[in-house]
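Trainee: model the structure of this input:
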Amino acid sequence: MQAYPEIYYYGDYWGLPIIAFNKLDGSNLRFEFSQKRGFYKFGTRNVLFNRQHDQFGFAIDLFLNKYNEPLSSIFKSKTYRNILSLVCFAELYSDTSEFGQHDFKNGIFNITLFDVDQYKKGFVHPKQFIKDFSKVGIPEIIYEGNLNREFVNNVKTNKFKLKEGVVDKGLIPNKKENNLYYCKIKTNDWFDRLRNKNIDLYNREIRELRDTSD
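Mentor: Purely as a prediction, here's the structure:
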């Protein structure tokens, strides 16, 4: 089952075109669709789980109730019907979720599709993803344009009133194919809350930010 790639901070893509999506603060889950079996395999970022899982089992029906019918229809359409399987990546979060931690007993949970990987073809490109899946529910689009320091600063100072930040997606064209790239920007507010909550995780994030954002 396809795993989601690690996303780093923004330093490698200055001047390149991006689409920035609201970065939801929750847990990254995977849901695999087969043209023969429908949705049949489920996982966290690293391991598979079923409905009996003590933490994430409930997320299967939460996802299926929201997405099974519309996504199955899209995947059976002309654009996707010849792709044997697709993995949908969705963020599980609640009103109380923060830094990927959840109050499973008291939180009011939602789940939102944020990416789709096609077997042997790779991830659906950003503009195609918006065109095909925005009607079923995807993260809010915050910005579309070139990655520049003004936009980075606007995210950092939380001009857009975000809980965590943004994930930027774009394409680098070449002669054979378009190479998909990702990067992330997080708000200063998020870093301040993390520093007060978990100093070790804060220090790891700061090191990564310094290593990859110049």
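
Trainee: who does the nearest residue to Tyr40 once chain neighbours are set aside bridge with?
Mentor: Of all residues not flanking Tyr40 in the chain, Ser34 sits nearest, at 5.9 Å (CB to CB, 6 or more residues apart in numbering). (C-beta placed from N, C-alpha, C; glycine too.) In this entry, Ser34 is beta-bridged to Gly38, Ser85, by DSSP bridges.

Trainee: what is the burial count for Ser34?
Mentor: By other CB atoms under 10 Å, 14 other residues sit near Ser34.

Trainee: kindly report the same for Asn46.
Mentor: Neighbours of Asn46 using other CB under 10 Å come to 9.

Trainee: tell me the pLDDT at the closest residue to it other than its chain neighbours?
Mentor: By the measure of CB to CB, 6+ apart, the closest residue to Asn46 outside its immediate chain neighbours is Ala3, 7.4 Å from it. Ala3 is assigned 91 on the pLDDT scale.

Trainee: distance of the residue nearest to Tyr40 from Phe75?
Mentor: Separation of Ser34 from Phe75 (CB to CB, to the nearest Å): 9 Å.

Trainee: contacts for the longest helix belonging to the chain next, please.
Mentor: Scanning the chain for the helix with the most residues, using DSSP state H, yields helix 58-75. If you take CB atoms under 8 Å, 6 or more residues apart in numbering as the criterion, helix 58-75 is touched by 29, 31, 33, 35, 38-39, 42, 50-51, 80-81, 83, 86, 88, 90, 92, 109-111, 113, 132-133, 135-137.

Trainee: filter the residues you listed down to the buried ones.
Mentor: Among those, those classed as buried by 16 or more other CB atoms under 10 Å are 29, 31, 33, 35, 39, 42, 80, 83, 86, 88, 90, 92, 109-111, 113, 132-133.
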